[in-house]
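Visitor: with the input below, show me the fold.
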Amino acid sequence: MARCTWCGQDPIYVDYHDHVWGRPQGDSLHLFEKLCLDGQQAGLSWITVLKKQANYQRLFAQFQPTEIVLFDDAKVESLMQDAGIIRNRLKIHSIIRNANAYLKLESEGVVFSEFLWAFVGGAPLQNSLEAPSNIIVTSPESDAMSKALKKAGFNFVGSTIVYAFMQAVGMVNDHLVSCPQHSQCAALADTLELT
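Guide: Residues are numbered from 1 along each chain as shown. Got it, this is the predicted structure:
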């Protein structure tokens, strides 16, 4: 059986495909980080962000919203000078904005993981894709999640970005059925815990 072709031969991308992409994630802070990073991808390839992920974690306080909301103009300017991340002012501000939105939901008693997973009924959607041409880039679920995230104050969360996020965190299993990871990700569905 052959893995999905989109990861090519790059060892970083292959490792991501084999050990991260499509595996159900239920931790709220992990989901927050991934949603922010997917927003950084807008207009770029995912591998560009993936190679900078450690830098983002270091520079954005391990994606702790309570720390990110304290970032001021001076911090933004220092981030704009750091080649370890994508130096786009709107994208940097989007992470700060998203941290504020996350904390607002939390203050309202909303558990972020439960909020997100509700759009797929609390369990991964299992697709049976046979060819790369079968893969879609949006869905009714990503449309609804995008709309709700925007209403909650999040940024860089259009439906295409949200669908890529849903694929990555296992809300939808879009590994090809011929890929060994399809069955492995499907088997992990029963282990999902939302925190």
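Visitor: pLDDT weak spots in this structure?
Guide: 1 (pLDDT under 70).
Visitor: going along the chain, name the helices of it.
Guide: Using DSSP state H, the helices of the chain run over residues 11-19, 28-41, 46-50, 53-59, 65-68, 73-80, 89-107, 112-117, 140-151, 159-168, 180-187.
Visitor: nearest to Gln126, out of those helices?
Guide: helix 180-187 (5.6 Å; Cβ to Cβ). No exception for glycine: its C-beta is placed from N, CA and C like everyone else's.
Visitor: could you dump the closest one to PDB, C-alpha only?
Guide: What follows is helix 180-187, C-alpha atoms only, in PDB (Å, rounded to 0.1, in the frame of the first residue of the first chain):
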ATOM      1  CA  PRO A 180      -1.800   2.700   5.400                       C
ATOM      2  CA  GLN A 181      -2.600   5.800   7.500                       C
ATOM      3  CA  HIS A 182      -6.300   5.700   6.500                       C
ATOM      4  CA  SER A 183      -7.100   2.600   8.600                       C
ATOM      5  CA  GLN A 184      -4.700   3.700  11.400                       C
ATOM      6  CA  CYS A 185      -6.500   7.100  11.700                       C
ATOM      7  CA  ALA A 186      -9.900   5.400  11.600                       C
ATOM      8  CA  ALA A 187      -8.900   3.100  14.400                       C
END
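Visitor: so for that helix, what gets flagged as buried?
Guide: Neighbour counts over helix 180-187 (16 or more other Cβ atoms under 10 Å) mark 181-182, 185-186 as buried.
Visitor: contacting residues around it?
Guide: For helix 180-187, contacts defined as Cβ atoms under 8 Å, 6 or more residues apart in numbering pick out 1, 3-4, 17-18, 21-24, 124, 126, 170, 173, 175-176.
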